[in-house]
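Engineer: Kindly return the folded structure for what I paste below:
(one chain, ligands or ions: 1)
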Amino acid sequence: MPQSVSFVRESLDQLRCIACGRVAEHPAKSFRCSACGDLLEITYPGWRTDQGPRPSGLNVASLKALWRTRRKSLLPLDQSGVWRFRELLPAFPDGSKVITLREGNTPIYELRRCARIAGMNTLLAKHQGMNPTGSFKDTGMTLAASVARAQGFTWVGCASTGNTSASMAAYAAYGGMRSLVLIPEGKVSWGKLSQALDYGALTYQLKTDFDGCLRVLNEVVERVPIYLLNSVNPYRIEGQKTTAIELLEQLDWQVPEHVIVPGGNLGNSSALGKAFLELKELGFIENLPKISIIQAEGANALVRTMREAGGKRLIPVQAETAASAIRIGNPASWKKAVCVLEQTGGTVEQVSEAEIALAKAEIGSDGIGCEPASAVTLAGLKRLVKAGFIQPRDGVVLILTGHVLKDPEYTLKFHREELLATDDAEILRKQQRAPVVLEAIADAVISALKKAEPAGS
Ligand code: F0G
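Structural biologist: Numbers count the residues shown, from 1 in each chain. Prediction:
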């Protein structure tokens, strides 16, 4: 029998400005504070009881047990790797109205070859590309799309480098809503664009970059009733928190020393940081992992912000990288990310196009694979090990954000030696495995095999 679980909780959540602390009763359509214009975040004043901060009526041990039990349940809500942890999410009035594609529940893999290459004893990767639409976006989308529908919206919209649009389009369609996608023309991989089209989104390619698309969308939602589903929407961040909870549950609540995450618009790093901080505050864990954020050299706004401005003001950049998911120069959640770096003791690093391509092929050669933006994590790890920030014995988890099939064109170009300038060729060649065209006879295959792999002959 499926377990029936009460969904209503006493502890109320609040939307509060991260800068001036003002509580927003009715948030603006842009999810910006009406007093100072900064971002909002969700807080849980109800967790603060006389016995210390706790979600009402539940203690740590019973919550851990409850979350495990739900894995066996047949209820859609319990089968979701997001809603399974609903005690740490905003209260949702009616669980049956949640839009869920059974997101979350993503595996942790051991990367053996990559560990050796990076100089680590062991290395783990939590693969968020194993979500229903192939990226981590689904964990936030289930919550924010459900809120949109509960508030009576029939349209949702986002600006995107591809994954948000694929995810939003799927959740909107499954929930019976229409969706508007604004993407930078020519800068979104075919895999992601085709998903948005397949899930029925109205897709507009604007002659600008991601940052320009977000600017236009903000104006559009002020003028027409479309609910904004970018990661400035704090419900997205709350859903994405569950990746950290699930990760710790999978590690039997042993906290790794380091979690490494790619940085684009900086919503994901903010979400993971918020989760770990809340879990510590609630007594689930005693230590925090250091969260480090890796960017492409050509889209390094946060790296420059930390190194050149001490995290005090954003230094936007004109973004350029073949890892198109993180081709973002003006990250909206930069203040939240700075706070996460400071509070967890993590760091920032930037990696070159060649380092990203090589790392992606190395993750592939472990049998795992990921999209280019996710591979910055391994490239960044190598640098952080060399710099002595990470020790070979440390527990490290890479957050792989997107599936290998999201951007097959990048993969093919890499293996055909068409992706990068020739002066990078030497270090890359060992990982390049272009397909070979042969006559359809066994002799041709066997002699090619002998040339390629003499030991296996
Ligand atoms: N990895 C992938 C695969 C992404 O799609 C993104 C962001 C990131 C990393 C960076 O995450 O923005 O939270 O720092 N993609 C967004 C999109 C911007 O529109 O799909 P972030």
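Engineer: What's the end-to-end length of stretch 285-301?
Structural biologist: End-to-end distance for stretch 285-301: 32 Å, by Cα to Cα, to the nearest Å.
Engineer: Any buried residues in it, and which?
Structural biologist: Going by neighbour count (16 or more other Cβ atoms under 10 Å), the buried part of stretch 285-301 is 285, 288-301. For the C-beta atoms, the positions are set from N, CA and C on the backbone; glycine is no exception.
Engineer: low pLDDT regions in the chain?
Structural biologist: Along the chain, the parts satisfying pLDDT under 70 run over 1-11, 48-58, 422-424, 454-457.
Engineer: near the ligand, which residues of the stretch 51-200 of the chain?
Structural biologist: Residues of the stretch 51-200 of the chain found near the ligand (Cβ under 6 Å from any ligand atom) are 135, 137, 160-164.
Engineer: could I get the residues you listed as CSV with secondary structure and distance to E439?
Structural biologist: Shown next, in CSV, are these (DSSP: H, G, I helix; E, B strand; the rest coil; distance: Cβ to Cβ, whole Å):
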residue, secondary structure, distance to E439
S135, strand, 40
K137, helix, 45
S160, coil, 45
T161, coil, 42
G162, coil, 39
N163, helix, 41
T164, helix, 46
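Engineer: element containing G191?
Structural biologist: helix 190-198 (DSSP states H and E).
Engineer: after that helix, next one along is what?
Structural biologist: Per DSSP H and E, the helix or strand that comes after helix 190-198 is strand 202-206.
Engineer: Centre of the chain to the helix or strand following that next one, how far?
Structural biologist: Downstream of strand 202-206, the next assigned helix or strand under DSSP H and E is helix 210-223. The chain centroid and the centroid of helix 210-223 are separated by 22 Å under Cα atoms, centre = their mean, to the nearest Å.
Engineer: Distance from the chain centre to the next helix or strand along the chain from helix 210-223, please.
Structural biologist: Following helix 210-223 in sequence order, the next helix or strand is strand 227-228 (DSSP H and E). Computed by Cα atoms, centre = their mean, the separation of strand 227-228 from the middle of its chain amounts to 19 Å.
Engineer: Now look at strand 227-228 and say if it contacts the ligand.
Structural biologist: No: Strand 227-228 lies out of reach of the ligand by Cβ under 6 Å from any ligand atom, never closer than 12.8 Å.
Engineer: Distance from stretch 171-182 to the middle of the chain?
Structural biologist: 20 Å.
Engineer: Find the nearest non-adjacent residue to P331, please.
Structural biologist: Closest residue to P331 apart from its sequence neighbours, by Cβ to Cβ, 6 or more residues apart in numbering: L266 at 4.4 Å.
Engineer: Give me the distance between that neighbour and A448.
Structural biologist: Relative to A448, L266 is positioned 47 Å away (Cβ to Cβ, to the nearest Å).
Engineer: So those two - more neighbours on which side?
Structural biologist: Comparing L266 with A448 by other Cβ atoms under 10 Å, the one with more neighbours is L266, at 26 against 13.
Engineer: and I99, what does it touch?
Structural biologist: Taking Cβ atoms under 8 Å, 6 or more residues apart in numbering as the criterion, I99 is in contact with 142, 145-146, 149, 171, 174-175.
Engineer: Revised request: answer the last question for F284.
Structural biologist: Contacts of F284 (Cβ under 8 Å, 6+ apart): 60, 64, 248, 253.
Engineer: Next, give me the two most distant ones among those residues.
Structural biologist: V60 and L248 (11.7 Å; Cβ to Cβ).
Engineer: need the helices for the stretch 1-150 of the chain, in chain order.
Structural biologist: Assigned by DSSP state H, counting those that start in this stretch, the stretch 1-150 of the chain shows helices spanning 60-70, 76-79, 112-118, 137-150.
Engineer: and the angle for whichever helix or strand comes after the longest one with strand 202-206?
Structural biologist: Right, helix 137-150. Toward the C-terminal end, the helix or strand that comes next after helix 137-150 (DSSP H and E) is strand 155-159. With axes from the mean of the first three to the mean of the last three Cα atoms, to 10 degrees defining the directions, strand 155-159 sits at 30 degrees from strand 202-206.
Engineer: Who are the packing partners of strand 155-159?
Structural biologist: helix 163-174, strand 178-184, helix 210-223, strand 227-228 (3 or more Cβ pairs under 8 Å, 6 or more residues apart in numbering; DSSP states H and E).
Engineer: I would like the residues contacting it, please.
Structural biologist: Contacts of strand 155-159 (Cβ under 8 Å, 6+ apart): 145, 148, 164-165, 168, 172, 177-183, 210, 213-214, 216-217, 220-221, 224-230.
Engineer: For it, C-alpha coordinates in CSV please.
Structural biologist: What follows is strand 155-159, C-alpha atoms only, in CSV (Å, rounded to 0.1, in the frame of the first residue of the first chain):
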residue,chain,number,x,y,z
TRP,A,155,1.6,30.8,-19.9
VAL,A,156,5.2,30.5,-18.6
GLY,A,157,8.3,31.9,-20.1
CYS,A,158,12.1,31.8,-19.9
ALA,A,159,15.3,33.1,-21.5
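Engineer: what angle sits between that strand and helix 137-150?
Structural biologist: Comparing the axes of strand 155-159 and helix 137-150 via the same axes, to 10 degrees yields an angle of 140 degrees.
Engineer: Parallel or antiparallel, which strands does strand 155-159 pair with?
Structural biologist: Sheet pairing of strand 155-159 (DSSP bridges) gives strand 178-184 (parallel), strand 227-228 (parallel).
Engineer: buried ones in that strand?
Structural biologist: Of the residues in strand 155-159, 155-159 count as buried by neighbour count, 16+ other Cβ under 10 Å.
Engineer: does Y204 really touch E185, like I thought?
Structural biologist: No: the pair Y204 and E185 fails to qualify as a contact (Cβ atoms under 8 Å) at a distance of 9.2 Å.
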